[in-house]
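Novice: just need the structure, nothing else, for what follows:
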Amino acid sequence: MYLNPGLVWHSTHLCLCSQLGWPLHEGDDFHPRENVDKMARGEPLTDQDRLPWLLKLHDVIQRERSSGGDAIMVCSALRRLYRQVLLFGSEALTYSSDTAGLHMCSLPGVWFLFLYGTYDLIHARMVARRGHFMQPGLLRSQFDVLEPPAEEEKALLLDIRRSTDDICREIQEHLRQLS
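Specialist: Residues are numbered from 1 along each chain as shown. As a prediction, this is how the structure comes out:
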């Protein structure tokens, strides 16, 4: 199971799913209507808005893990707490204000991919895309709350200036090294 906590690029994930034969779970498909409407109006989501969504995604991850299958989950898990909720569900909230809980960084069989780029590059790509409810004007709010994965989170960092094929090859090499 791979999770993407950054601002995602659909072609990379489609390429990867196609090459690996893994199902793709698009996090945006799990947002409640209220969140979609709010983003469509150009209003940033709050932690309170995101929590039910993150818990749904956690359930999907748990279902995939319990089935023994591999999958890719695509979502903007911008903060460390969001990534912890994806991994550990509501249990992560118990530790969110407790520094002792920060040891919960990873889960066997689940890895994060962090696709990163400059504000200008990502904004240009958002402006060029069509049919998505998230307005490009919301990008600044995402950069404002972004907490790139720490080393102990063991995320694979991927620069989006590279080609989709290059990124997919690096991910596949990463998978080979893990097995």
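Novice: quick one: low-confidence parts of the protein?
Specialist: Along the chain, the model assigns pLDDT under 70 to residues 1-14, 95-104, 129-136.
Novice: that one: helices as residue ranges?
Specialist: 10-20, 33-40, 47-67, 80-88, 91-95, 119-128, 139-145, 164-178 (DSSP state H).
Novice: looking at these, which is buried most?
Specialist: Among the helices of the chain, ranked by average contacts under mean count of other CB atoms under 10 Å, first place goes to helix 80-88 (a mean of 22). (Each C-beta comes from the backbone N, C-alpha and C, glycine too.)
Novice: the inter-axis angle of that helix versus helix 47-67?
Specialist: Regarding helix 80-88 and helix 47-67, their directions subtend 30 degrees when assessed with axes from the mean of the first three to the mean of the last three CA atoms, to 10 degrees.
Novice: quick one: contacts of helix 80-88?
Specialist: Residues outside helix 80-88 that contact it (CB atoms under 8 Å, 6 or more residues apart in numbering): 3, 5, 47, 50-51, 54-55, 57-58, 61, 73, 75, 77, 92-93, 95-96, 104, 106-107, 110, 112, 147, 149-150, 153.
Novice: save the helices of the chain as CSV, and put in distance to L158 too.
Specialist: Listed next are the helices of the chain as CSV, based on distance: least, CB to CB, whole Å:
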stretch, distance to L158
helix 10-20, 8
helix 33-40, 24
helix 47-67, 20
helix 80-88, 16
helix 91-95, 24
helix 119-128, 13
helix 139-145, 17
helix 164-178, 5
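Novice: I'd guessed G89 sits against H58; true?
Specialist: Yes - assessed by CB atoms under 8 Å, G89 is found in contact with H58 at 4.4 Å.
Novice: for this structure, longest strand please?
Specialist: Using DSSP state E to assign secondary structure, the strand with the most residues in the chain is strand 111-116.
Novice: partner strands of that strand, parallel or antiparallel?
Specialist: Sheet pairing of strand 111-116 (DSSP bridges) gives strand 2-4 (parallel), strand 156-159 (parallel).
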